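**Q** Predicted model, plus sequence, below.
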Number of protein chains: 2
Amino acid sequence: MSKVENLFNKLNADLAPGQEKLLNFDNIVLKGEELDGDPVDFSHGDVDVFEPIPGSLDNFNYGFKEVGSSQAYTVYRGREDILEDVAAKLFKYSSTPINSNNEIIITPGTQGALFLAAGATISRGDKVAIIEPDYYANRKLVHFFQGELYPVQLDYLNHLDKAGINLEELEHSFKDGVKTFIFSNPNNPSGVVYSKDEVTKIAHLIKKYDVNVIVDELYSRQLFDNRTYTHLASLNIVPKENILTIIGPSKTESLSGFRLGVAYGSQEIISRMEQLQAIVSLRASGYSQIVLKNWFSEPPGWMDERIRAHQDIRDTLLELFKDAGFEVRMTEAGSYIFPKINNLSIDCESFVKVLKKQAKVTVTPGTQFGPQFTDCIRLNFSQDKEKAVEAVKRLITVAGYYKNEK
Amino acid sequence: MSKVENLFNKLNADLAPGQEKLLNFDNIVLKGEELDGDPVDFSHGDVDVFEPIPGSLDNFNYGFKEVGSSQAYTVYRGREDILEDVAAKLFKYSSTPINSNNEIIITPGTQGALFLAAGATISRGDKVAIIEPDYYANRKLVHFFQGELYPVQLDYLNHLDKAGINLEELEHSFKDGVKTFIFSNPNNPSGVVYSKDEVTKIAHLIKKYDVNVIVDELYSRQLFDNRTYTHLASLNIVPKENILTIIGPSKTESLSGFRLGVAYGSQEIISRMEQLQAIVSLRASGYSQIVLKNWFSEPPGWMDERIRAHQDIRDTLLELFKDAGFEVRMTEAGSYIFPKINNLSIDCESFVKVLKKQAKVTVTPGTQFGPQFTDCIRLNFSQDKEKAVEAVKRLITVAGYYKNEK
């Protein structure tokens, strides 16, 4: 096998969210009956139900018609006035000052920001700490840049007052030579939020061992139960040159189809990211960039209502899962639930396939978030509530077909 | 210097086209006077003058409003019906059959396609043949994936009936172990088209030595003087698994602001590209993808008129450059002129800076296309004709200020 083939075997995207249309159903043996109902795709949110920020399309049209060439061709890091606007809004939001000239970049989606950030910090052989479970791409990025994966466990199921990061393991990884630490807060897939105490301790460890940290705060606006959130950068403990924060309007704000993400922090990392962007995609979609002006400028009450509606769906689905004996932690932020199915007789990757076949329900297998999560599935509950409830009922029924005999 | 810093030093994008707003003018000593006139940015085409294909924006709006979620979240390689449509149109255009299920991918711009293609074929230490001069990113991509650059010369100035590739050098590179060959046809920056004889010989060499070839045909629709064009893939000489063709609607069609590119060919390379896209940017901007339906479906006569207008600008500018004693080959396709300034006393990177300061004219230094092109500059002449003529006159005047004394 060539080196390239070898590398790509580690990137296998066949079971990644969004790729379910390409699933291979060979060798799948079905048990029980097929269940009727509206198909629901929990692999991502439904932007027909939770629509993009009002005015986004109008603003795109304005950019196309009025601004023209200057909008189509921006500097790779993004158009200046948009960077200024976003930097000011993020300063207000995260209490972190951002120089719009050299401390911020617009990317094609937050995935684009993560890729550039990883490429700007990881060299072959570098040790990189990641959390398990965490966003599936983090581990793949480390593989792609030929870093050495250093997993740190998150005991997300067994706490209520904190996310559950194993800080001893994290410090051990730093002592052992880890150069970069990548994690998302709120955690994807479990929806837990790191406590202020946890974030502060992480910050002190990063400072002590002079590590680079990439923190993905994509879902930090959608906080439930009036929870507080601690922006790592705002603590002013990690030196500015060591930290990069990633955020974007693809989730709560439903602007995903425009492919927009933002990274801010270390000048040096941002500068490398822009040089990498020059050969990866040149710039975020030129016309789309202007839609960032709608971000953090939502109509009054819009965000509150969006959070309320999601909290309502969360409560209903969680009750269904708990009643059915699934182990699950309550989502504290974002739109993910990560239930653990006890006594399942097949692995979650096969379960994902039978579920799609028998119940028209699409979910993401737990193994995307860490190899040990063979009995977990992730659902994005940003969906039509009634349809989601019916779909989760079918999911629970199908899980019953594949339980181990007692 | 760390390995990452070392790598990024090779990617330096400060002088890349589109980044001129970030130019550093320290240590630049001006000679002669400042010239007044309308600023012209020859680093890219002006989409306010040559507008996007009519109906593109309407189609984007249709995709956003009518198609919704299925448009925002497509499979990473692109939405199925769009892939089918584009595959059928490209089959007709390039006489190359394309299976829309597994032989084609939509990417964020053709830059995105090039990056993914390079990542899917180049491993550390692999020898990669490139042409000099050729598109500036090709060499940077080889650096980024830590391949070994194997430059092959294009004697573009001294032929009329062919591009001027040194086929002996190319064969020598293949004998020497080159695994991948990347080139653009029409050539960027010189605007020359490879003859059928050259393309055929290249194809036979690729087959003989079992090399992967990535051919960038981005500008192949904009052919002047009724020139014929040979699509490498259409010859059916290179085995299908060894070839990838890249094309997109960013140039002649002025859809650049939507960031759309397409790659087709080898199933295996396409499959790896999609797996890489999963961690690079997930997918091309969801809403933008639908605009590909306007591509190759332009109103009758629209493309002919676009070519006629560009040929007219080309003729006028070439005459100015030739009269002023610049060495230049006539552009055969695309919108680039790559004149050589004889007896310039400063290098082209400094010339680019003084030109911007003294004449409000932005061009790209020849060194972006190969280190030896220190006395060349590239202009994209897809501009308002009158302004472009005045700008080239100023350029010639400023070049006069910096000529060596005889």
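**A** That came in fine, so what should we check first? None of the values given here were measured: they were computed from a predicted structure.
**Q** residues from the stretch 151-300 of chain A in reach of chain B?
**A** A:254, A:256-259, A:272, A:274-276, A:278-288 (Cβ under 8 Å from any Cβ of the partner chain). The C-beta positions use only the backbone N, C-alpha and C, and glycine is treated the same way.
**Q** So which bits of stretch A:357-366 are buried?
**A** Residues of stretch A:357-366 classed as buried by neighbour count (16 or more other Cβ atoms under 10 Å in any protein chain shown): A:Gln358, A:Ala359, A:Lys360, A:Val361, A:Thr362, A:Val363, A:Thr364, A:Pro365, A:Gly366.
**Q** average model confidence for that stretch?
**A** Stretch A:357-366 shows a mean pLDDT of 96 in the predicted model.
**Q** For whichever residue of the stretch 101-250 of chain A sits closest to chain B, which non-adjacent residue is spatially closest?
**A** For the stretch 101-250 of chain A, the residue closest to chain B is A:Ser123, as judged by Cβ to the nearest Cβ, at 3.8 Å. Once flanking residues are discounted, A:Ser123 sits nearest to B:Lys3: 3.8 Å by Cβ to Cβ, 6 or more residues apart in numbering or on different chains.
**Q** got the contact list for the spatially closest residue to A:Ile290 that is not a sequence neighbour?
**A** Distance criterion Cβ to Cβ, 6+ apart; nearest residue to A:Ile290, sequence neighbours excluded, is A:Gly63 at 3.6 Å. Neighbouring residues of A:Gly63 by Cβ atoms under 8 Å, 6 or more residues apart in numbering or on different chains: A:Gln71, A:Tyr287, A:Gln289, A:Ile290, A:Val291.
**Q** what about the residue of the stretch 151-300 of chain A found nearest chain B, how many neighbours?
**A** In the stretch 151-300 of chain A, no residue comes nearer to chain B than A:Gly257, which is 3.1 Å away by Cβ to the nearest Cβ. Using other Cβ atoms under 10 Å in any protein chain shown, A:Gly257 is surrounded by 27 other residues.
**Q** Repeat that for A:Asp315.
**A** 12.
**Q** Pop out the phi and psi values for A:Lys340.
**A** The phi/psi pair for A:Lys340 (degrees, to the nearest 10) reads phi -110, psi 130.
**Q** surely it meets A:Gly325?
**A** No - in this structure, A:Lys340 is not within contact of A:Gly325 by Cβ atoms under 8 Å, at 10.1 Å.
**Q** Compare these two (neighbour count), which wins?
**A** More crowded of A:Lys340 and A:Gly325, by other Cβ under 10 Å: A:Lys340, with 18 against 14.
**Q** Look up how far A:Asp155 lies from the residue nearest to the more buried one when sequence neighbours are not counted.
**A** Once flanking residues are discounted, A:Lys340 sits nearest to A:Glu327: 4.2 Å by Cβ to Cβ, 6+ apart. Counting by Cβ to Cβ, to the nearest Å, the gap from A:Glu327 to A:Asp155 is 13 Å.
**Q** cool, A:Lys140 as well?
**A** Distance, A:Lys140 to A:Asp155, by Cβ to Cβ: 23 Å.
**Q** Looking at these two, which has the bigger crowd around it?
**A** Of the pair A:Lys140 and A:Asp155, A:Lys140 is the one with more neighbours under other Cβ under 10 Å, namely 24 against 13.
**Q** So which elements touch the helix or strand encompassing that one?
**A** Using DSSP states H and E, A:Lys140 maps to helix A:136-144. Where contact means 3 or more Cβ pairs under 8 Å, 6 or more residues apart in numbering or on different chains; DSSP states H and E, helix A:136-144 is packed against helix A:109-121, strand A:127-132, strand A:148-153, strand A:180-184, helix B:267-280.
**Q** so which of the ones you listed gets nearest B:Arg221?
**A** helix B:267-280 (22.2 Å; Cβ to Cβ).
**Q** what secondary structure does the residue of the stretch 151-300 of chain A closest to chain B sit in?
**A** Three-state call for A:Gly257 (DSSP: H, G, I helix; E, B strand; the rest coil): helix.
**Q** Surely it and B:Val67 touch.
**A** No - look at A:Gly257 against B:Val67 with Cβ under 8 Å: they stay out of range, at 9.6 Å.
**Q** can you tell me which residues contact A:Ser195?
**A** Counting by Cβ under 8 Å, 6+ apart, A:Ser195 makes contact with A:Asp161, A:Lys162, A:Ala163, A:Thr230.
**Q** can you check A:Cys376 too?
**A** A:Cys376 is in contact with A:Pro133, A:Pro189, A:Phe338, A:Pro339, A:Lys340, A:Ile341, A:Cys348, A:Pro365, A:Gly366, A:Phe369, counting by Cβ under 8 Å, 6+ apart.
**Q** switch the cut-off to 10 Å
**A** A:133, A:157, A:189-190, A:326-328, A:338-341, A:344, A:348, A:351, A:363-370 (Cβ atoms under 10 Å, 6 or more residues apart in numbering or on different chains).
**Q** wait, what's in contact with the closest residue to it other than its chain neighbours?
**A** Computed as Cβ to Cβ, 6+ apart, the closest residue to A:Cys376 that is not its neighbour in sequence is A:Gly366, at 3.0 Å. Residues in contact with A:Gly366 (Cβ under 10 Å, 6+ apart) are A:133, A:136, A:189, A:338-341, A:347-349, A:351-352, A:372-378.
**Q** From the residues of the stretch 151-300 of chain A next to chain B, list just the buried residues.
**A** Among those, the ones that count as buried by 16+ other Cβ under 10 Å are A:254, A:256-259, A:272, A:274-276, A:278-288.
**Q** In the stretch 1-150 of chain A, which residue sits nearest chain B?
**A** A:Ala72 (3.1 Å).
**Q** Pretty sure that residue sits against B:Val47.
**A** Yes - using Cβ atoms under 10 Å as the test, A:Ala72 is close enough to B:Val47 to be in contact (5.0 Å).
**Q** so what strands line up beside the strand or helix carrying A:Val262?
**A** According to DSSP H and E, A:Val262 maps onto strand A:261-265. If you go by DSSP bridges, strand A:261-265 pairs up with strand A:104-107 (antiparallel), strand A:243-247 (antiparallel).
**Q** And these: which comes nearest B:Gly334?
**A** Closest approach to B:Gly334 among those (Cβ to Cβ): strand A:104-107, 28.4 Å.
**Q** And the closest one, what's buried?
**A** Within strand A:104-107, the residues scored as buried using 16+ other Cβ under 10 Å are A:Ile104, A:Ile105, A:Ile106, A:Thr107.
**Q** Just to check, A:Asn185 is in contact with A:Ile131?
**A** Yes - at 9.3 Å, A:Asn185 and A:Ile131 qualify as touching, with contact defined as Cβ under 10 Å.
**Q** Mutual contacts of the two, please.
**A** Common neighbours of A:Asn185 and A:Ile131 are listed as A:Ala163, A:Ile165, A:Tyr194 (criterion: Cβ under 10 Å, 6+ apart).
**Q** Run through the bridge partners of the second one.
**A** Using DSSP bridges, the bridge partners assigned to A:Ile165 are A:Leu154.
**Q** Alright, that wraps it up for me.
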